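In: Show me the folded form of this:
(chains A and B)
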Amino acid sequence: MRTPLSVRLFQSLPRTGWLALAIFAAIAWIAIPAAHLLLPEGHALYVSAYTVTLMGKILCYAVVAVAMDLIWGYAGILSLGHGVFFALGGYAFGMYLMRGIGTDGSYGVALPDFMVFLDWKELPWFWVGSDSFLWALIMVVAVPGLLAFVFGWFAFRSRIKGVYFSIITQALTYATMLLFFRNETGFGGNNGFTDFKRILGYDITSPQMRLVLFGLSAALLIAVLILGRYLVTSKFGRVLAAIRDAESRVRFIGYQPTQYKLAIWTLSAVLCALAGALYVPQVGIINPSEMSPANSIEIAVWVAVGGRGTLIGGVIGAFIVNLAKSFFTVSFPDYWLFFLGFLFIGVTLFLPDGVVGLWRKLRGRRPAATETATPTPAATPQGAKA
Amino acid sequence: MSLSLHHLLRVFLLAVCCTLGSAHAAPSTETLARLADDDSDTRIAAIAELGAEGSAQSVALLDALADEALALTGDGHLVILTDTGALDAASGEAIEPYPDDADPLMINNRVRNALQSAKAATNIRASDRSTRLAAAQLLRDSASELLMPILEPALATEQDKEIRSILALAVARVNLASAEPAKRILAAQRLGDSSDASVKAMLATLLDKDAKGQFIEPDAEVRAAAKASVQAIERRLAMADLASTAFTGLSLGSILLLAALGLAITYGVMGVINMAHGELLMVGAYATYVVQGLFRSYLPDYVDSYVLAAVPVAFLAAAAVGMLMERTVIRWLYGRPLETLLATWGLSLVLIQTARVIFGPQNVEVANPAWMSGGVSTYADIVLPWNRLVIIGFAIFVLLLVWLMMQKTRLGMFVRAVTQNRAMAGCVGVPTARIDTLAFGIGAGIAGLGGCALSQVANVGPAMGQGYIVDSFMVVVLGGVGQLAGAVTAAMGLGLMTKILEGWAGAVVAKILVLVFIIIFIQKRPQGLFALKGRFVED
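Out: Predicted coordinates for the structure are as follows:
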C-alpha cells in the first residue's frame, strides 16, 4: 500500500528539522515584521529597512543555493550558468513591474522609459500580456523552465557531463548576458529594469510590501527545503545519487539517467527563477550583470562553503558568504575579492564537505550516505586514467 | 636618363605653351593682366595657364598670389611684395623705389583651390617622388580641364607605377566631363581600374536619370562603359572586403590561438581545468608593461626594442606564477576536476585583485614600438597593420615552440609519458611530481607569451583575462583535447567565423552566434572531443 503524499512529505524531515523550520518561520513571519513595524527606530531590537531587504535578498540567494545543491550535491551536475535562470525569472517579473509604472515614468507615457528612449512606438510582441500579474507568474516559471528543458535535453541526451557541462553552461549565461546587454533585444540593455513603483496596485516601497516580499521569500525557502528533502529521500533522489556516483552502471541496470537528470535540472532552474522573481522587487533593479559568469560561479561557492549534498548547507553557505560580502564591500572593499578567492581555495582544499561536514565531524557523526559523493581523491591528473 | 627626360618634357611643354598662345618661357603680360582681373573665372584660367607653363617665375607668381603678396600698383603694374622690397611680376627684377601705392590682390576660396591644383601641376614634374605623389593625389580629386595640358604629358612620362595610376585616374576624371563622347568612353573605361568607392559613386551618377526620366549621360556607349566600370570596381571592392575580412579573421584567430595555446597544455594535455588561465595572460601583459616602464626609465635609447625583452620576461613571470599555483593548490586537486575548477576560479579572483592593488584598477598604457605601428598597403587600398602581422607571425613562432618542446625535447617526452601512463612513467624513473609542476609552468609561461602579444593589440587591465577565458576554453574544447592541430584549426575557424558574422550581423550578435554554434557543435560531437586516447572506461 502506498503511503499518502502528505504523510511521505511529513516523514521526509526528522522532528528536529520540522522544529527548526517552525522556529525559522516564526522569526521570519512574526518576529522580524513586528520588530520592523512596531518598534521605534533606534530601539535595540529594531530591524531597519536595510536589514529586511538584505535578509530578503539573502533568502532568495539561499533558495538558489538549495536549487544548486539539488543538482550539484545530489545529481553531480555542476552548473556555472544558474545565474541565467535566476535573472530570467527576475526579468520576467520585472516586465510586469515595468508595466506597473504606467504613466509615472520620466516621459509620462505608458511605454517603459527605455523604449521611449529607443524611439519605439509600441510594445514588442514578447511584451504582450506583461501587464497581467498572472501572466507574469506563468512567464517566470515557463521561460526559464523551457530554456532549461531544451538546453538540458540536448546536453544530457548527448551525455555531456562533468566539466564540459559546466563550461557549456558558463557559455550559455555569457551568451545570454551579451544578448541582454544589447538595447535592441528589448529588455532595457545595459540599465535593465529599475525604478519600479507598485505591485498589484500597492506601493512597492512601503514597509508592508517589504515585509510581504520578505515573508514570501522565507515561505519559498521553507517550501523548497521541504520539497528538496522529500525528493532526495524518495526513490527518485536515490536514483539521482546513483547516477552521480556511477552513471553507466545505473544505465546498465535499466534506468534512463537522461530523464532523471533532465527532471532535476529543470526543477532546479525553475526554483532559481522563482527566487529571481522575488529578488527583483526587493532590490529594485535587474540588469544583465546578474548573468555574468562570475555571479553564477559564486552560487557554487555558497553550496561548497555550506556543504554539498546537505540542502541546509546551501542556506548556511549563502548566508555566510553574503553577510561577509556586505561586511567587506562596506568596510574593506579592496579585500572582498581576496576573501572570496581564498574562500574558494580554502573550502575546496580543506573543507570538502563544507561547514555542515565540519559540524558533523566535530560531533563525531558519520557523514550521511549521500556524502560519499566525491570519489577518493587520488593524487593523479585526469589523464592518468587512460 | 632623367636629364633627357627633363629635356623631353621641356620640349613638349614648349609645344603646349605655343598652342596656348604664349611663346615665352616667362609668363606673358596678357596672362599677368588676367591674373588681376575682377572675374574669378578669368583669374582661374590664368592660374591654370601659369601652372601648366610651370617656369620658375610662374611658380613664384603662384606662391605670391597664394600668400596674398601679389599686388597691383596704381599704374596697373603687377609686383611681388617681399620682406625686403618689391619685384616686378613679369621679370622678377627688383623695383626701385618701393611702390607705396601697391594694393595686394585678394583671393577667394575658388581661386585658392585653383591655386592649389596649379601648384600641384607644377610639382608633378618635381624630381622628388613624394612631392610628385602628393601632387598627383591632390590632382586626382581636384584637376580641371584647364590643367589637362600638364596632366597628359606628365602621365606619358611618369615612371613610377603608383603615381602613374593616380594620374591616369585624374585624367580620366577630367575627361569624363569632356564634350567628346569618345573621350568620355575612354575615361569611363579607364576609371574601371580604380578601387575607390568615390570613383564608383562618380561613375554611377552617369547612369542616373534626371527628373524627366532622361539619362543625364546622353550617349548610350558611354553609359555602357560606365556600367562595366562600375561593376569592375564593385567586384574589386568586394574582393578587397573579402580579403580584409579574411585578414582580420586570421588576426583574431592568431590572438585566440595565443590565448589558448597555454590552455592546450594545462587542460588539453594535463587535464587541469584552470579557470585562472585568463589571469596568466594578464600576468604576461603586466610583465610587458613593467618591462616597458623599465626601458623608458633606464634605456630610453632602446625603448623600441622593449617588446623583444618583454617576451622572455612575460614567459618567466607567468611560468613562476603558474608553478606556484600548481605547487600550492592544483596538485592537491588532481583527479577532481570540479574542485579544481572552483579553486582556480578563486585563484583568478586573488590574481585580479592583486593586479588591482599593485597597478590600480584602470587599464595601463602599453605602447606599440615604432616599428610595429603603421602598416603595409596592398592591393585595393587595404592596409595591413604591422602589429597584426607581427601577432600572426608571433603566433606561428609560439606554435612552433610548443610543438618542438612537446615532441623533440626530453621534457616534452616526459610530459607525454606521465599523462599517458603515470604509474609506468614513475616506474622507469620519471619524476612525475616535478614533471607536473614543470608542465604546468610551461603552459602558464605560454599563456604569458600570449599576454605579451595581447598587450600590443588589446587593453591591459585587471579584468582583461576574464574576457579570454571562455574563448580559450572554446578553442581547446572545439579543437579536440590534447591536439595542437585541433587548437590551430579551431582558433582560425572561430576567428574567421566571428569576423564574417560580424560583418553581417554586428559584433555582439556574432559573438552570441559563435557561442551557440559551439554549444550545438559540442552536442553533435561530444565523444570525439572528450574521449581521451586509449581505452577508457568510466566507473
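
In: For whatever residue of chain B ends up closest to chain A, which non-adjacent residue is closest in space?
Out: Closest contact between chain B and chain A, by Cβ to the nearest Cβ, is at residue B:346 (2.5 Å). Just so you know, the C-beta spots here come from the backbone N, C-alpha and C atoms, and that holds for glycine as well. Nearest residue to residue B:346 in three dimensions, chain neighbours excluded: residue A:344, at 2.5 Å (Cβ to Cβ, 6 or more residues apart in numbering or on different chains).

In: give me every residue that touches the residue of chain B closest to chain A.
Out: Residue B:346 is in contact with A:301, A:340-345, A:348, counting by Cβ atoms under 8 Å, 6 or more residues apart in numbering or on different chains.

In: from the residues you listed, which is closest to chain B?
Out: residue A:344 (2.5 Å).

In: returning to that earlier point: show me which pair in the contacts of residue B:346 is furthest apart.
Out: Farthest-apart pair in the contacts of residue B:346 is A:340 and A:348; separation 13.0 Å (Cβ to Cβ).

In: where along the stretch 151-300 of chain A do the strands fall?
Out: Secondary structure of the stretch 151-300 of chain A (DSSP state E, counting those that start in this stretch): strands located at A:193-194, A:198-199, A:202-203, A:285-286.

In: what is the mean pLDDT for the third one?
Out: Along strand A:202-203, the predicted local confidence has a mean pLDDT of 84.

In: who does that strand pair up with?
Out: strand A:198-199 (antiparallel) (DSSP bridges).

In: Can you redo the contacts of residue B:346 as JSON lines, where the extra columns are pLDDT?
Out: Formatted as JSON lines, these follow (pLDDT from 0 to 100):
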{"residue": "A:301", "pLDDT": "88"}
{"residue": "A:340", "pLDDT": "88"}
{"residue": "A:341", "pLDDT": "89"}
{"residue": "A:342", "pLDDT": "90"}
{"residue": "A:343", "pLDDT": "88"}
{"residue": "A:344", "pLDDT": "87"}
{"residue": "A:345", "pLDDT": "89"}
{"residue": "A:348", "pLDDT": "87"}
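
In: If you rank those by neighbours, which is first?
Out: Ranked by the number of neighbours (other Cβ atoms under 10 Å in any protein chain shown), the contacts of residue B:346 place residue A:344 first, at 29 neighbours.

In: So which other helices or strands are in contact with the longest helix anywhere in chain B?
Out: If you go by DSSP state H, chain B has its longest helix at helix B:220-263. Helices and strands touching helix B:220-263, by 3 or more Cβ pairs under 8 Å, 6 or more residues apart in numbering or on different chains; DSSP states H and E, are helix B:181-191, helix B:197-206, helix B:277-298, helix B:386-408, helix B:432-454, helix B:466-479, helix B:484-505.

In: The same query, at a cut-off of 6 Å, please.
Out: helix B:181-191, helix B:197-206, helix B:386-408, helix B:432-454, helix B:466-479, helix B:484-505 (3 or more Cβ pairs under 6 Å, 6 or more residues apart in numbering or on different chains; DSSP states H and E).

In: Measure how it sits relative to helix B:432-454, angle-wise.
Out: Relative orientation of helix B:220-263 and helix B:432-454, computed by axes from the mean of the first three to the mean of the last three Cα atoms, to 10 degrees: 150 degrees.

In: how many degrees apart are helix B:220-263 and helix B:484-505 in direction?
Out: Inter-element angle recorded for helix B:220-263 and helix B:484-505: 140 degrees (by the same axes, to 10 degrees).

In: I'd like the average pLDDT over helix B:220-263.
Out: Computed over helix B:220-263, the average pLDDT equals 82.

In: how far does that helix sit from the chain's center?
Out: Chain-centre distance of helix B:220-263: 14 Å, with Cα atoms, centre = their mean, to the nearest Å.

In: repeat for stretch B:272-290
Out: 28 Å.

In: Spatially, what comes nearest to whatever residue of the stretch 51-200 of chain A ends up closest to chain B if we skip its sequence neighbours?
Out: The minimum distance from the stretch 51-200 of chain A to chain B, using Cβ to the nearest Cβ, falls at residue A:175 (4.1 Å). Nearest non-adjacent residue to residue A:175, counting by Cβ to Cβ, 6+ apart: residue B:515, 4.1 Å away.

In: Output the strand or helix carrying the one you found as CSV, nothing but the C-alphas.
Out: Using DSSP states H and E, residue B:515 sits in helix B:507-524. This file holds the C-alpha atoms of helix B:507-524, laid out as CSV (Å, rounded to 0.1, in the frame of the first residue of the first chain):
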residue,chain,number,x,y,z
ALA,B,507,29.8,42.3,-33.1
VAL,B,508,27.5,41.2,-30.2
VAL,B,509,25.2,39.1,-32.3
ALA,B,510,28.3,37.5,-33.9
LYS,B,511,29.7,36.6,-30.5
ILE,B,512,26.4,35.0,-29.5
LEU,B,513,26.0,33.1,-32.7
VAL,B,514,29.5,31.7,-32.3
LEU,B,515,28.8,30.6,-28.8
VAL,B,516,25.5,29.0,-29.9
PHE,B,517,27.4,27.3,-32.7
ILE,B,518,29.9,25.9,-30.3
ILE,B,519,27.2,24.6,-28.0
ILE,B,520,25.5,22.9,-30.8
PHE,B,521,28.7,21.5,-32.2
ILE,B,522,29.6,20.0,-28.9
GLN,B,523,26.2,18.4,-28.7
LYS,B,524,26.8,16.8,-32.1
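
In: before we move on, back to that, the contacts of residue B:346 in helices, which ones?
Out: For those, the ones inside helices are A:301, A:340-345, A:348, with DSSP H as the criterion.

In: How about the residues of the stretch 151-300 of chain A by chain B?
Out: A:154, A:158, A:160, A:163, A:167-168, A:171, A:174-175, A:178-179, A:182, A:246, A:297 (Cβ under 6 Å from any Cβ of the partner chain).

In: Dump these to JSON lines, plus neighbour count and pLDDT.
Out: Output for these, formatted as JSON lines (neighbours: other Cβ atoms under 10 Å in any protein chain shown; pLDDT from 0 to 100):
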{"residue": "A:154", "neighbour count": "16", "pLDDT": "85"}
{"residue": "A:158", "neighbour count": "15", "pLDDT": "78"}
{"residue": "A:160", "neighbour count": "23", "pLDDT": "77"}
{"residue": "A:163", "neighbour count": "21", "pLDDT": "78"}
{"residue": "A:167", "neighbour count": "26", "pLDDT": "81"}
{"residue": "A:168", "neighbour count": "25", "pLDDT": "83"}
{"residue": "A:171", "neighbour count": "24", "pLDDT": "84"}
{"residue": "A:174", "neighbour count": "24", "pLDDT": "87"}
{"residue": "A:175", "neighbour count": "23", "pLDDT": "86"}
{"residue": "A:178", "neighbour count": "19", "pLDDT": "87"}
{"residue": "A:179", "neighbour count": "18", "pLDDT": "88"}
{"residue": "A:182", "neighbour count": "16", "pLDDT": "85"}
{"residue": "A:246", "neighbour count": "15", "pLDDT": "89"}
{"residue": "A:297", "neighbour count": "26", "pLDDT": "88"}
